[in-house]
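Asks: quick one: sequence and predicted model below, then my questions.
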Amino acid sequence: MRHIISILLENEAGALSRVCGLFSARGYNIESLTVAPTEDPSLSRMTIVTTGSDAIIEQITKQLNKLIEVVKVVDLSEAPHIERELMLVKVRAVGKDREEMKRIADIFRGRIIDVTETAYVIELTGNGSKLDAFIEATDRSLILETVRTGVSGIGRGDRILKV
Amino acid sequence: MQLTGAEIVIRCLQEENVDYVFGYPGGSVLYIYDELFKQDKIKHVLVRHEQAAVHAADAYSRSSNKMGVCMVTSGPGVTNAVTGIATAYMDSIPMVVLTGQVPTHYIGEDAFQECDTVGITRPCVKHNFLVKDVRDLAVTLKKAFYLAKTGRPGPVLVDIPKDITTHKCAFEYPKSIEMRSYNPVVKGHPGQIKKAVQLILDAKRPLIYAGGGVILSNSSSGLIKLAHLLGFPVTNTLMGLGGYPSTDGQFLGMLGMHGTYEANMAMQTADLIVAVGARFDDRVIGNQVHFASVPRKIIHIDIDPSSISKRVKVEVPIVGDVGEVLEELCKQLSAHKDKPEPKALAAWWKDIDAWRSKKSLKYKQGKEIIMPQYVVEKLYEITGGDAFITSDVGQHQMWAAQYYKFDKPRRWINSGGLGTMGVGLPYAMGVKLANPKATVACITGEGSIQMNIQELSTAKQFRLPIKIINLNNRYLGMVRQWQEMFHGNRYAESYVDALPDFVKLAEAYGHVGMKIERPADVEPALREAFTKHKNDLVFMDFMTDQTANVYPMVAAGKGLSEMILAEDL
């Protein structure tokens, strides 16, 4: 099962490697990992997408909580939540492809944020499957480069992860 | 007043009432050693290899409940220390490790004796710090001591760059520490304890399974109280030995790979296991699937939530300090109107007595060759069961655990989790310094002892009258045992050729050496060592049976009740 784990941790040097080290040392999967400071600069928020049985996810949360710099851990996928990922795609845009790429970007509610005579950079946000669908819908030979941020997530409604 | 970083380190150690620092000087810790030199409150024990400094500090902590502290220099000092740190980490031993580091402006430039200490040790410490500003030094050290001894204990490392030890700032040692990210649960959840009480009252075939957590939380008395209140049988893990008196009638002995028949059968067939500060590790329960195939209920008391439901499914987890939880359990059970059903309990004890009658630890001592078990039994008799025993790792360790009946906690000092050969002698040094009046013996083998043999020199310098019981079978015995049982008698590299003359070796270091070759000489030699040579380090080289194996044995991958017994062979 796929799980999205949100972590609040002290914004200190080495905290990230403690989390990564834990996952590699204990053989847990990391599908994606994003991290950045929060509105309180002393704290970072990390979102990890991982897979595993219920027992493994339980261990992951416990082991994360055991790290001294980890303040809070929540499995977002336990309850209603929103997940978003940002993707930047550079595509070839010449001749008839120029119009076609614009059209596909519009369909996926992407924005063209850089234009040259031969290429666009398209910005897309959504959950992972939407970004995958965009790639599927695009002629592969037109894709020059892609970069994805990995998933960020937040609980819906009153679910709040805060110190 | 402004103090240098080096002065601050020493002041902090004094504030923490540290008596001993085990260590080895080097370039990056010179200023700290200079400050150590200028005072006489903290004594320094100069080892001969950094690994031994960590082991000695570790055993100092294990045997006394006082904080073990060690100090090594950067680079190779640290990498040599890693085995010691990992050993302490696996057994959850509170310890503070101070390491020198190259000056901050050299970090990352591959400087002389530089290594990424925080990176290298990260997976084998409870936590570690790199101090980048002298103003953080005191609070970091306070945190290190606090983290090491609270919650599930463990080694904490503080890496101090050389320039920080010369920088100055005002010194103030914090009285207490609060960390928003670290609040270990101490008191057990009342609802969970209530559930546990019900399970205990309903049990027909109960077993108390207690581990090292009982010793670390100083709750041996709570365990005894609970066991006596209920009349339940008790088994200890290797790390838990001494947490429950081995001579008590309710004690079934150690369980696990080399546990007694009765302990393993009881563990496998109990309908309720009360796990106290133990973690169901692979050497304890054998094959996980086989163990899980029997229906039973488990109450698991542990300070570390991640130890619970890690390897077995648990009905009632109770997170908290073992001592606090045991006390609360006893209180509620005493107040309860119901008691566990006496008839069921009597039937259960009848089963246990039948298993006991197998006498799974019996062995034959002939007239010609010394059996290793016999040496341990004689050692037990001669020391009145009251010695502190350290061991190395291998067959001798298992025989020590099986035949020396520990009645008190903190008397049995060995590397259970990591299984580190070479700990025995440095462990004995740490134990002796923490317990100067106690009798200290190190049960070892000719393989393990050579892994830190250089510490005979430290023991001489600090006049530590340790008794080394070397069970010398000229083989890496446990390796040989496995090769005999599972590798068709192909003894690949397990025969130890070209052994030194240990008697001469001991004498070369200024100690007393004895070689004992006949069963009849075992007892007199031990008596002589513990009386005539009471104040000497005595290296007793016992020539033991080369074919002796440790039984019972649960082979790797087998179920706990699928034991190989000596009588089966």
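Replies: Right, received. Where do you want to start? Numbering: from 1, shown residues only, chains lettered A, B, ... in the order given.

Asks: surely residue B:114 is in contact with residue B:75?
Replies: Yes. Counting by C-beta atoms under 8 Å, a contact exists between residue B:114 and residue B:75, whose distance comes to 5.9 Å. C-beta here means a position set from N, CA and C on the backbone, and glycine is covered the same way.

Asks: identify the contacts common to those two.
Replies: Among the neighbours of residue B:114, those also in contact with residue B:75 (C-beta atoms under 8 Å, 6 or more residues apart in numbering or on different chains) are residue B:102.

Asks: which residues in the stretch 301-450 of chain B form strands?
Replies: B:316-319, B:388-391, B:412-413, B:440-445 (DSSP state E, counting those that start in this stretch).

Asks: next, format these as TSV and append distance to chain A and mean pLDDT.
Replies: Compiled in TSV, the strands of the stretch 301-450 of chain B are given as follows (distance: least, C-beta to the nearest C-beta, whole Å; pLDDT from 0 to 100):
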stretch	distance to chain A	mean pLDDT
strand B:316-319	10	98
strand B:388-391	28	98
strand B:412-413	26	98
strand B:440-445	31	98
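
Asks: who's in contact with the most centrally placed residue in chain B?
Replies: Note on chain B: the residue nearest the mean C-alpha position is residue B:414, at 4.1 Å, using C-alpha atoms, centre = their mean. Counting by C-beta under 8 Å, 6+ apart, residue B:414 touches B:238, B:390, B:391, B:392, B:393, B:397, B:400, B:401, B:423, B:424, B:427.

Asks: count of residues packed around the third one?
Replies: Close neighbours of residue B:391, defined as other C-beta atoms under 10 Å in any protein chain shown, add up to 29.

Asks: quick check: bridge partners of it?
Replies: Counting by DSSP bridges, residue B:391 is bridged to residue B:443.

Asks: so residue B:106 sits right up against residue B:74, yeah?
Replies: No. Between residue B:106 and residue B:74 there is no contact under C-beta under 8 Å: 9.9 Å.

Asks: what residues are shared contacts of those two?
Replies: residue B:114.

Asks: tell me, how many residues neighbour residue 91?
Replies: Answering for chain A, as no chain was given. Under the neighbour criterion other C-beta under 10 Å, residue A:91 is assigned a count of 24.

Asks: switch to chain B, that's the one I care about
Replies: Neighbour tally, residue B:91, other C-beta under 10 Å: 24.

Asks: tell me, what's the model's pLDDT at it?
Replies: Among the per-residue scores, residue B:91 shows a pLDDT of 98.

Asks: equivalent analysis for residue B:569, please.
Replies: Predicted confidence (pLDDT) at residue B:569: the value is 65.

Asks: just residue A:117 next, same as before
Replies: For residue A:117, the model assigns a pLDDT of 96.

Asks: now the contacts of residue B:414 in a markdown table, with distance to residue A:145?
Replies: A markdown table is the format used below for these (distance: C-beta to C-beta, whole Å):
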| residue | distance to residue A:145 |
| --- | --- |
| B:238 | 56 |
| B:390 | 61 |
| B:391 | 60 |
| B:392 | 58 |
| B:393 | 54 |
| B:397 | 59 |
| B:400 | 64 |
| B:401 | 61 |
| B:423 | 54 |
| B:424 | 60 |
| B:427 | 58 |
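
Asks: which of the residues you listed fall within helices?
Replies: By the criterion of DSSP state H, membership of the contacts of residue B:414 in helices covers B:397, B:400, B:401, B:424, B:427.

Asks: what's the distance between the residue nearest to the centre of chain B and residue B:427?
Replies: Computed with C-beta to C-beta, to the nearest Å, the distance linking residue B:414 and residue B:427 is 7 Å.

Asks: overlap in contacts, the two.
Replies: Overlap between the contact sets of residue B:414 and residue B:427, as judged by C-beta under 8 Å, 6+ apart, is given by residue B:390.

Asks: and the residue of the stretch 301-450 of chain B nearest chain A?
Replies: When C-beta to the nearest C-beta is the measure, the stretch 301-450 of chain B has its nearest residue to chain A at residue B:306, with 3.8 Å between them.

Asks: and the residue nearest to that residue when sequence neighbours are not counted, what element?
Replies: Excluding the flanking residues, the one nearest residue B:306 by C-beta to C-beta, 6 or more residues apart in numbering or on different chains is residue A:62, at 3.8 Å. Here residue A:62, judged by DSSP states H and E, is contained in helix A:54-66.

Asks: send me that helix as CSV with only the CA atoms.
Replies: As requested, C-alpha coordinates have been extracted for helix A:54-66 and formatted as CSV (Å, rounded to 0.1, in the frame of the first residue of the first chain):
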residue,chain,number,x,y,z
ASP,A,54,0.5,-2.0,7.6
ALA,A,55,3.1,-3.5,9.9
ILE,A,56,5.9,-1.9,7.9
ILE,A,57,4.2,1.5,7.9
GLU,A,58,3.7,1.2,11.6
GLN,A,59,7.4,0.5,12.1
ILE,A,60,8.3,3.4,9.8
THR,A,61,6.3,5.9,11.8
LYS,A,62,7.7,4.5,15.1
GLN,A,63,11.2,4.6,13.9
LEU,A,64,10.8,8.1,12.6
ASN,A,65,9.4,9.2,15.9
LYS,A,66,12.4,7.7,17.6
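
Asks: the helix or strand following it vs helix A:54-66, what angle?
Replies: Moving toward the C-terminus from helix A:54-66, the next helix or strand (DSSP H and E) is strand A:70-75. Here the directions of strand A:70-75 and helix A:54-66 differ by 160 degrees (axes from the mean of the first three to the mean of the last three C-alpha atoms, to 10 degrees).

Asks: quick check: mean pLDDT of strand A:70-75?
Replies: Within the predicted structure, the mean pLDDT of strand A:70-75 is 97.

Asks: near chain B, which residues of chain A?
Replies: Within reach of chain B by C-beta under 8 Å from any C-beta of the partner chain, chain A has these residues: A:9-10, A:13-14, A:17-18, A:21, A:25, A:55, A:58-59, A:62-63, A:65-66, A:68-71, A:163.

Asks: separate out the buried members of the residues you listed.
Replies: Neighbour-count burial within the residues of chain A next to chain B applies to A:9-10, A:14, A:18, A:58-59, A:62-63, A:66, A:68-71; the criterion is 16 or more other C-beta atoms under 10 Å in any protein chain shown.

Asks: so where's chain B shaky on pLDDT?
Replies: Along chain B, the parts satisfying pLDDT under 70 run over B:569.

Asks: flag every buried residue along whichever strand or helix holds residue B:223.
Replies: With the criterion set as DSSP H and E, the secondary-structure element containing residue B:223 is helix B:220-230. By 16+ other C-beta under 10 Å, the buried positions in helix B:220-230 come out as B:220, B:222, B:223, B:224, B:225, B:226, B:227, B:230.

Asks: now the strands: where do they sit in chain A?
Replies: If you assign secondary structure with DSSP state E, the strands in chain A sit at A:2-10, A:32-37, A:43-51, A:70-75, A:81-92, A:111-115, A:119-126, A:143-148, A:152-155.

Asks: using PDB, write out every CA atom in the shortest one.
Replies: It refers to strand A:152-155. The C-alpha coordinates for strand A:152-155 follow below in PDB (Å, rounded to 0.1, in the frame of the first residue of the first chain):
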ATOM      1  CA  SER A 152       3.700  17.400  -1.000                       C
ATOM      2  CA  GLY A 153       0.600  16.700   1.100                       C
ATOM      3  CA  ILE A 154      -1.700  18.200   3.600                       C
ATOM      4  CA  GLY A 155      -4.700  16.900   5.500                       C
END
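
Asks: packing partners of it?
Replies: strand A:2-10, strand A:81-92 (3 or more C-beta pairs under 8 Å, 6 or more residues apart in numbering or on different chains; DSSP states H and E).

Asks: pick the most buried one from those strands.
Replies: When the helices and strands packed on strand A:152-155 are scored by mean count of other C-beta atoms under 10 Å in any protein chain shown, the highest mean neighbour count falls to strand A:2-10 (a mean of 21).

Asks: how far does that one sit from its chain's centre?
Replies: Mean-position distance between strand A:2-10 and its chain equals 12 Å (C-alpha atoms, centre = their mean, to the nearest Å).

Asks: adjacent strands (with direction) for that strand?
Replies: According to DSSP bridges, strand A:2-10 has the following sheet partners: strand A:43-51 (antiparallel), strand A:70-75 (antiparallel).
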